[in-house]
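K.L.:
could you work out the structure for the sequence below:
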Amino acid sequence: MQTLVNPQKPQWCGRFVVACLGACLGVFFAGCAGPEVPQTKAERYALLPGKLGPSGEVVMVVSKPMWDRGIGGVVDSLFANPVRVLPQFEPRFDVLRLDPEEFDRFWKPHRNLVIFDIADRIDTQEPSLTVYRNRYAKGQIYAEVKAKSVAGAMEALNSAEGGLMLADMLEAEEAKRYGDLVALDRNAALEAELRSKHGLGAVLPRDARMVSSAGGFCWIERSLTRMKGGRNHDVQMGIVVHRSPYHGPEDFSMERMLARRDSLFQARVSSPNEDSYMTTEYRLPPLYEEVSFRGGFAATMRGLWRMEGDFMGGPWTSIAWVDAARGQLVTIDGYVYAPYFGKREYLRELEAMVRSFAPIKL
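P.N.:
Prediction:
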């Protein structure tokens, strides 16, 4: 007797069950999965990688023929010119050129990117320079230069709101990045002492220490050890804070600010050598600038210092502003001593700390 069995039925049923099960699971997992593309800026930012590359480096994405036809010269004049008031030549930024075909996912998260888009299209007829933040990485500055020709790209860089503005922005951004790093490991005890004794808030690194503090004066120092040539060398970064009665706008003149600085440092800031004291090096004249700081007026200076009676020297930077509630002029002075190393990055880090100071409300 033959058993009536359809040999195809079990196979068909098996395929049907698997197909149904797969469809159901697909629906289930599709319902559980989130959207593939973030819907908000916050979601997109959270998925970005951290920025890459050393501080002070700017990557220019442009072909070599276009670079050689004039763009390179303009870039060097804006980004690779010497840092002002340093005792040796150091470029403002380390410029790295990259061919467009080399610009891959390895380079896209770089901290500072300038992309040249040079082609004759509708959107490139007017030369432009546009800056974006966090394009491919957190904390990234991404600039795009658009033009229909090399001459147009050079025009965009040389415009009033072009390359110089971008260079200034990158310099401020690098200092801010150092400030963010310092804030990750702060010296809470030293900051509390500043608040209670001097009425000032600040962001200071854990390895900073108070050298001396009296009245409206305090001297903070940070000592580092860095390796070079197979040997350890000392690097010192110092901040001097001083308050004085505010008499009026004339207190912000460069002459008065330098006179106050030299008088105070001669009396209070010295090296281990007997009869030594810090003073301003006038063979390279200091630079003076009036700026907006925390919503008010401030004056900044940069220059070189030397130690009278000792073989020491380096760059310094300062900012002065009025603590209106107390009727006092507050000056924050910072200096770097790094005889075996470049000073640019230490000076940027120092400026981040100097500009973190702010008065505590009464």
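K.L.:
the residue nearest the centre of the chain: helix or strand, and which one exactly?
P.N.:
In the chain, the residue lying closest to the centroid (CA atoms, centre = their mean) is Glu174, at 1.2 Å. If you go by DSSP states H and E, Glu174 is part of helix 163-183.
K.L.:
distance between that helix and the chain's centre?
P.N.:
On the basis of CA atoms, centre = their mean, to the nearest Å, helix 163-183 sits 3 Å off its chain's mean C-alpha point.
K.L.:
how does this protein divide up, domain by domain?
P.N.:
Following automatic domain parsing, one finds the domains of the chain at 57-181, 187-359.
K.L.:
follow-up on the earlier one: name the helices or strands packed onto the helix holding Glu174?
P.N.:
helix 72-79, strand 112-118, strand 128-133, strand 141-147, helix 344-354 (3 or more CB pairs under 8 Å, 6 or more residues apart in numbering; DSSP states H and E). Backbone N, C-alpha and C define where each C-beta goes, glycine included.
K.L.:
check contacts around the residue nearest to the centre of the chain.
P.N.:
Contact analysis of Glu174 by CB atoms under 8 Å, 6 or more residues apart in numbering lists 55-56, 348.
K.L.:
ok, Gly50 - contacts?
P.N.:
Contacts of Gly50 (CB under 8 Å, 6+ apart): 109, 137-139.
K.L.:
just put those residues in CSV and tack on secondary structure.
P.N.:
Putting these into CSV (DSSP: H, G, I helix; E, B strand; the rest coil) gives the following:
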residue, secondary structure
Pro109, coil
Ala137, coil
Lys138, strand
Gly139, coil
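K.L.:
in CSV: those, plus neighbour count, distance to Leu47 and pLDDT.
P.N.:
What follows is those, written out as CSV (neighbours: other CB atoms under 10 Å; distance: CB to CB, whole Å; pLDDT from 0 to 100):
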residue, neighbour count, distance to Leu47, pLDDT
Pro109, 19, 12, 97
Ala137, 19, 11, 97
Lys138, 15, 10, 96
Gly139, 15, 14, 95
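K.L.:
any idea how far Lys51 is from the residue nearest to the centre of the chain?
P.N.:
Applying CB to CB, to the nearest Å, the value for Glu174 to Lys51 is 11 Å.
K.L.:
check Leu86 too.
P.N.:
26 Å.
K.L.:
same question, Met66
P.N.:
Taken as CB to CB, the spacing of Met66 relative to Lys51 amounts to 26 Å.
K.L.:
show me where the chain dips below the pLDDT cut-off.
P.N.:
Residues of the chain that meet the criterion pLDDT under 70 lie in 1-39.
K.L.:
how many residues are close by Leu224?
P.N.:
14 (other CB atoms under 10 Å).
K.L.:
which strand residues bridge it?
P.N.:
Val235 (DSSP bridges).
K.L.:
thinking it is in contact with Gly238, fair?
P.N.:
No: contact criterion CB atoms under 8 Å: Leu224 and Gly238 do not qualify, at 11.8 Å.
K.L.:
now the strands: where do they sit in the stretch 151-300 of the chain?
P.N.:
Using DSSP state E, counting those that start in this stretch, the strands of the stretch 151-300 of the chain run over 200-201, 208-214, 217-228, 231-245, 277-281, 287-293, 296-308.
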